[in-house]
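Visitor: can't give you the sequence, but here's the structure:
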């Protein structure tokens, strides 16, 4: 066992340093997302979704850093990195709409002016919508129409359309459990 530590002393030191560095970065990012969520009064489930995105990002960075620490050359890393992103790029091009909705969900987490419970009007020339925001998911909003229907509206479209706040905290102001 001692031979393993002496032989791979530098790699083990780099691995420990990477783990500590990425753990600190992850804690900082999670605290920042939690602070933004708390300050903006964002639902805790949306904040937890941001935590998942942070974990995925840290994991990807860790894989490439560990590969470098354990002796993969820059040429090998760049080959793997470019090949991986080429495959991901082709896959994401095939599912660009989903990626667009996820990206919009992340943007909405930090800068969406409407909250769950707000009654909004979406100014769409083909189908104007007036509804209460029931939930904000990673891909879409759940909107409760006045007739009781539950409508899902893609996150990328909500950022592209004009939206008006009709009534803040509809459920609280009206004292209603549902429309």
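Guide: Thanks, I have it. Small disclaimer: the values here were computed from a predicted structure and weren't measured. Residues are numbered from 1 along each chain as shown.

Visitor: Give the other helices and strands that the strand of greatest length in the chain contacts.
Guide: Identified as the longest strand of the chain according to DSSP state E is strand 129-136. Applying 3 or more C-beta pairs under 8 Å, 6 or more residues apart in numbering; DSSP states H and E, we find strand 129-136 packed against strand 119-123, strand 140-145, strand 150-154. For the C-beta atoms, the positions are set from N, CA and C on the backbone; glycine is no exception.

Visitor: and the next element down the chain from the helix or strand hosting residue 13?
Guide: Under the criterion of DSSP states H and E, residue 13 resides in helix 9-39. Next helix or strand after helix 9-39 toward the C-terminus (DSSP H and E): helix 44-69.

Visitor: I'd like the mean pLDDT over that following helix, please.
Guide: For helix 44-69, the mean pLDDT works out to 86.

Visitor: Quick check: closest non-adjacent residue to residue 14.
Guide: The spatially closest residue to residue 14, leaving aside those adjacent along the chain, is residue 69, at 3.7 Å (C-beta to C-beta, 6 or more residues apart in numbering).

Visitor: how close does that neighbour sit to residue 57?
Guide: 19 Å (C-beta to C-beta, to the nearest Å).

Visitor: Below-threshold pLDDT in the chain: ranges please.
Guide: Scanning the chain for pLDDT under 70 picks out the ranges 94, 170-179.

Visitor: Mind listing residues that contact stretch 114-131?
Guide: By C-beta atoms under 8 Å, 6 or more residues apart in numbering, the residues outside stretch 114-131 that reach it are 41-43, 132-136, 143-146, 151, 153, 158, 161-172.

Visitor: Now do the end-to-end distance for that stretch.
Guide: From its first residue to its last, stretch 114-131 covers 12 Å (C-alpha to C-alpha, to the nearest Å).

Visitor: shift numbering so it begins at 21
Guide: Done: numbering now begins at 21, and the last item shifts to stretch 134-151.

Visitor: in it, what counts as buried?
Guide: 134, 136, 137, 138, 139, 140, 142, 149, 151 (16 or more other C-beta atoms under 10 Å).

Visitor: pretty sure residue 170 contacts residue 162?
Guide: Yes. Contact criterion C-beta atoms under 8 Å: residue 170 and residue 162 qualify, at 6.1 Å.

Visitor: Settle it for me: which of these two has more neighbours?
Guide: residue 162 (16 against 11; other C-beta atoms under 10 Å).

Visitor: Who are the contact partners of that one?
Guide: 153, 154, 155, 156, 170, 171, 172.
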